[in-house]
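Trainee: Next comes the sequence, and after it the predicted model I'd like to discuss.
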Amino acid sequence: MKLVFDTKFFQKKKLDSRIINRYFCNALRDFKIASKSKEPEVIFVFSYSALMKIGITLIALYGYRVKSRQGHHIKVIEKSSQILRSKNIKIVGEKMRKKRNLDLYECGIIISSKEAKEYLNFLKEIINKAEKYLKSQDSLF
């Protein structure tokens with residue numbers, strides 16, 4: 001699969017496997033925090049953070065660093081979806097991104113326990129896919 005990385009959002013940068021592994025461990029840490037919490041908002045925030053960090057990990061695997069600029073979360077979600085060949089990442093990730101923005105920049109939102117659990121389960125699937133993908137890339141990881 002040939003991926004194109006827009007230089008407006010991504011910078012070519014050689015990253016060794018130790019750095020890529022640290023990115024992934026950081027995503028797992030956020031997932032663990034989300035998993036242990038009883039507060040729906042905490043579950044949501046850390047699930048979204050873990051999703052972004054998984055995306056950063058996958059992008060790093062291809063030798064790119066994400067530039068911090070307006071719209072970069074959209075691009076991280078899109079690339080994650082492409083790399084793992086999962087339309088759900090784009091659909092659910094975009095829904096999460098919009099909710100996060102409403103919560104952050106508007107008057108806040110309410111995340112139900114049911115919704116938080118659904119996001120956490122979605123994230124668990126993505127972590128499993130990402131882990132399998134990373135392990136399959138012996139030449140890169």
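Mentor: Yes, it's here.

Trainee: can you map out the strands along the chain?
Mentor: For the chain, strands defined by DSSP state E occupy the ranges 10-12, 64-66.

Trainee: And those strands: which comes nearest Thr57?
Mentor: strand 64-66 (10.4 Å; Cβ to Cβ). For every residue, glycine as well, the C-beta is placed using N, CA and C.

Trainee: in the lowest-mean-pLDDT helix or strand in the chain, what counts as buried?
Mentor: Using mean pLDDT, DSSP states H and E, the weakest-scoring helix or strand in the chain turns out to be helix 87-105, at a mean of 86. Buried residues in helix 87-105, defined by neighbour count with 16 or more other Cβ atoms under 10 Å: 89-90, 92-93, 96-97, 99-100, 103.

Trainee: what does that helix contact?
Mentor: 41, 44-45, 47-48, 51, 73-74, 77-78, 80-81, 108-109, 111, 119, 122, 125-126 (Cβ atoms under 8 Å, 6 or more residues apart in numbering).

Trainee: Ok, stretch 51-71 next?
Mentor: Counting by Cβ under 8 Å, 6+ apart, 3, 5, 8-15, 19-20, 23-24, 26-27, 30, 72-73, 75-77, 79-80, 83-84, 89, 93, 96, 123, 126-127, 130, 133-134, 137, 140-141 sit against stretch 51-71.

Trainee: so how far is that stretch from its chain's centroid?
Mentor: Offset of stretch 51-71 from its chain centre (Cα atoms, centre = their mean, to the nearest Å): 8 Å.

Trainee: Okay, now it: how far is its last residue from its first?
Mentor: 16 Å (Cα to Cα, to the nearest Å).
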